[in-house]
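Participant: predicted model and sequence below, questions to follow.
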Amino acid sequence: MASLEKILHLVTQSEYDCIGDEGKVLENINFSKIDVLGQGTKHDICASSSTSRILNQAETLGNPTRSGICHSFAANGRCLSMFKTLFTNYCIHDCKYCQNSTDYKSGKSVYSYTPEELARITISLYKGNYIEGLFLSSGVSPDQDIVTEKMIETLKILKKRYNFGGYIHFKVLPGVSYEYIKQASEMADRLSVNIETPSKEHLSEISSTKNYANDILKRQKYIKNLELKKKLPAGQTTQLVVGACEESDFEIFKRVLKEYNEMMLKRVYYSAFNSVSGTSLENMVSQPTWREHRLYQMDWLYRVYNFSENEIKIAFDDNGFLKNKDPKLSIALNNFESPLDPNDAQYGELLRVPGIGPKSAYKIINYRKKNRIYKRDHLQRLGVRIKNAIPFLKISGGEYTRLERWIECQNQ
Ligand code: SF4
């Protein structure tokens with residue numbers, strides 16, 4: 001968060017001219033408030049662990065999961081820097097892993113923005129070219145409608161007074177009224193309700209105050225219906241906290257299928273449970289980041305590679321968990337019969353080879369219209385990760401590694 005504080009000092013000191021009168025609010029800014037309300041978004045993910053998240057665990061500028069200024073992706077795939085914050089960190093719910101919950105045992109400072117204040121901070125950062133958008137979430141207090149009304153007021157000030165054209169990701173709070181969701185959908189690029197767990201039974205393990213069907217799924221349906229009428233540019237997303245309860249990866253997968261097929265979500269985000277001191281789950285072991293990463297890979301296979309549900313099921317063990325191995329490789333090993341000739345294989349067959357993705361599969365198909373593939377080099381130049389792909393391919397004129405030998409090498 002130090003980075004954001006530095007930026008706001010810069011905005012107030014040296015860049016006052018470029019932001020005009022809006023900057024005056026920053027003269028008396030309460031940095032503790034900005035810090036706490038930014039830290040409160042730690043569990044809200046705006047980019048997957050396939051991005052820089054694993055590499056960038058420090059509290060640094062641009063970290064996609066931390067507070068302050070984070071990175072996210074617009075509907076067209078462009079990377080955006082966003083001001084990520086809660087409106088208030090006071091919450092009437094008791095989610096056991098959350099430092100904003102009523103269950104939180106350590107003393108905590110409770111802060112809220114006013115719509116005016118948050119709009120001015122956002123516009124100052126925006127005009128200073130530090131951010132391209134706002135990621136706005138909140139605790140629920142005094143109730144979901146009252147705080148949402150204030151969050152919407154913030155968007156109205158940004159849009160109407162300041163003509164804000166940046167990206168807006170707006171968190172729909174559990175149980176909020178349809179009318180407020182509708183208003184938010186008219187100003188935001190993306191709406192999301194956090195489902196947190198794959199079922200109502202699992203939600204009841206971590207919260208006694210939230211109702212899965214009414215507070216969450218019903219609100220997702222509202223957004224879906226609004227989206228059908230007037231498209232949200234970046235659609236609806238959701239997020240699961242992985243491992244805060246006893247759910248298996250397979251249960252998560254089953255829920256994710258419903259989220260994509262029935263709720264028509266654009267993306268599901270996964271956040272590995274991380275124990276926070278002072279919460280009811282402070283002594284529970286944090287989940288390894290690789291679990292989250294493998295879930296993203298499973299999600300990618302379904303959503304981008306069009307693997308079927310039955311194909312993906314193979315990647316789960318008998319207890320319903322993914323191993324710490326690329327699920328695409330597990331599926332390929334299970335289905336492997338004999339090496340595939342890249343000169344003849346269909347697009348869908350190529351996609352099932354580890355080391356070949358949609359881009360390289362298209363490139364192979366285009367390349368072979370005029371050329372023949374008979375060397376590893378040809379595939380490498382087309383973007384294939386040859387080390388992973390080689391035992392699954394038959395390349396005439398070139399040697400290929402037999403699968404048994406390749407597996408031996410992987411296990412050494
Ligand atoms: S609803 Fe739950 S997860 Fe969200 S801020 Fe409140 S306590 Fe935290």
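Facilitator: Arrived safely, thanks for sending.
Participant: near the ligand, which residues of the stretch 1-150 of the chain show up?
Facilitator: Within the stretch 1-150 of the chain, the positions adjacent to the ligand are 91, 93, 95, 98, 100, 101, 139, 140 by C-beta under 6 Å from any ligand atom. For every residue, glycine as well, the C-beta is placed using N, CA and C.
Participant: and the stretch 151-300 of the chain, which of its residues are near the ligand?
Facilitator: Residues of the stretch 151-300 of the chain lying close to the ligand (C-beta under 6 Å from any ligand atom) are residue 174.
Participant: show me the shaky parts of the stretch 301-412 of the chain.
Facilitator: Regions of the stretch 301-412 of the chain meeting the criterion pLDDT under 70 cover residues 397-401, 405-406, 408-412.
Participant: repeat that with 80
Facilitator: Applying pLDDT under 80 to the stretch 301-412 of the chain flags residues 396-412.
Participant: just to revisit the earlier point, next, format the residues of the stretch 1-150 of the chain next to the ligand as JSON lines and append secondary structure.
Facilitator: As requested, those are exported to JSON lines (DSSP: H, G, I helix; E, B strand; the rest coil):
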{"residue": "91", "secondary structure": "coil"}
{"residue": "93", "secondary structure": "coil"}
{"residue": "95", "secondary structure": "coil"}
{"residue": "98", "secondary structure": "coil"}
{"residue": "100", "secondary structure": "coil"}
{"residue": "101", "secondary structure": "coil"}
{"residue": "139", "secondary structure": "coil"}
{"residue": "140", "secondary structure": "coil"}
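Participant: which of the residues you listed count as buried?
Facilitator: Buried members of these, scored by 16 or more other C-beta atoms under 10 Å, are 91, 93, 95, 98, 100, 101, 139, 140.
Participant: give me the nearest residue to residue 348, chain neighbours excluded.
Facilitator: The shortest distance from residue 348 to any non-neighbouring residue, by C-beta to C-beta, 6 or more residues apart in numbering, is to residue 306 (7.5 Å).
Participant: quick check: that neighbour vs residue 212, distance?
Facilitator: In this view, residue 306 and residue 212 are 29 Å apart by C-beta to C-beta, to the nearest Å.
Participant: cool, residue 119 as well?
Facilitator: Distance from residue 119 to residue 212, by C-beta to C-beta: 33 Å.
Participant: residue 81 bridge partners, please.
Facilitator: residue 71 (DSSP bridges).
Participant: can you pull the contacts of it?
Facilitator: By C-beta atoms under 8 Å, 6 or more residues apart in numbering, the contact list for residue 81 reads 62, 69, 70, 71, 130, 131, 132, 133.
Participant: are any of those buried, and which?
Facilitator: For the contacts of residue 81, buried by 16+ other C-beta under 10 Å: 69, 70, 71, 130, 131, 132, 133.
Participant: what stretches of the stretch 101-250 of the chain score poorly on pLDDT?
Facilitator: Residue ranges of the stretch 101-250 of the chain with pLDDT under 80: 105-108, 230-231.
Participant: for the residue in it that the ligand sits nearest to, give its distance to residue 209.
Facilitator: Taking C-beta to the nearest ligand atom, the ligand has its nearest neighbour within the stretch 101-250 of the chain at residue 101, 3.5 Å off. Taking C-beta to C-beta as the measure, residue 101 falls 9 Å from residue 209.
Participant: what do you get for residue 149?
Facilitator: Shown here: residue 149 relative to residue 209, a distance of 21 Å by C-beta to C-beta.
Participant: what does residue 231 give?
Facilitator: Counting by C-beta to C-beta, the gap from residue 231 to residue 209 is 33 Å.
Participant: who has more neighbours, those two?
Facilitator: Ranked by neighbour count (other C-beta atoms under 10 Å), residue 231 and residue 209 place residue 209 first, with 16 against 11.
Participant: which residues touch the more buried one?
Facilitator: Neighbours of residue 209 in contact, by C-beta under 8 Å, 6+ apart: 92, 93, 94.
Participant: near the first one, how many other residues are there?
Facilitator: Residue 92 has 14 neighbouring residues, counting by other C-beta under 10 Å.
Participant: that one in helix, strand or coil?
Facilitator: Going by three-state DSSP: residue 92 is coil.
Participant: would you mind measuring from it to residue 332?
Facilitator: Separation of residue 92 from residue 332 (C-beta to C-beta): 48 Å.
Participant: swap in residue 115?
Facilitator: Separation of residue 115 from residue 332 (C-beta to C-beta): 52 Å.
Participant: swap in residue 128?
Facilitator: Remark: distance between residue 128 and residue 332 (C-beta to C-beta) = 49 Å.
Participant: with neighbour numbers in mind, choose between the two.
Facilitator: With neighbours defined as other C-beta under 10 Å, residue 128 and residue 332 compare such that residue 332 has more, 21 against 18.
Participant: what's the helix or strand for the more buried one?
Facilitator: According to DSSP states H and E, residue 332 maps onto helix 327-335.
Participant: what lies in contact with that helix?
Facilitator: 294, 297-298, 301, 305, 307, 311-312, 314-315, 323, 352-354, 388, 392, 403, 407.
Participant: just those: which are in strands?
Facilitator: Using DSSP state E, no member of these falls in strands.
Participant: which ones among those are found in helices?
Facilitator: 294, 297, 298, 301, 311, 312, 388, 403, 407 (DSSP state H).
Participant: the fourth one - how many residues pack around it?
Facilitator: If I follow you right, that is residue 301. Quick note: residue 301 (other C-beta under 10 Å) scores 21 neighbours.
Participant: so what's it closest to, chain neighbours aside?
Facilitator: Once flanking residues are discounted, residue 301 sits nearest to residue 307: 4.3 Å by C-beta to C-beta, 6+ apart.
Participant: quick check: phi and psi at that neighbour.
Facilitator: Main-chain dihedrals, residue 307, degrees, to the nearest 10: phi -70, psi 150.
Participant: how close does it sit to residue 165?
Facilitator: From residue 307 over to residue 165 (counting by C-beta to C-beta), the distance is 38 Å.
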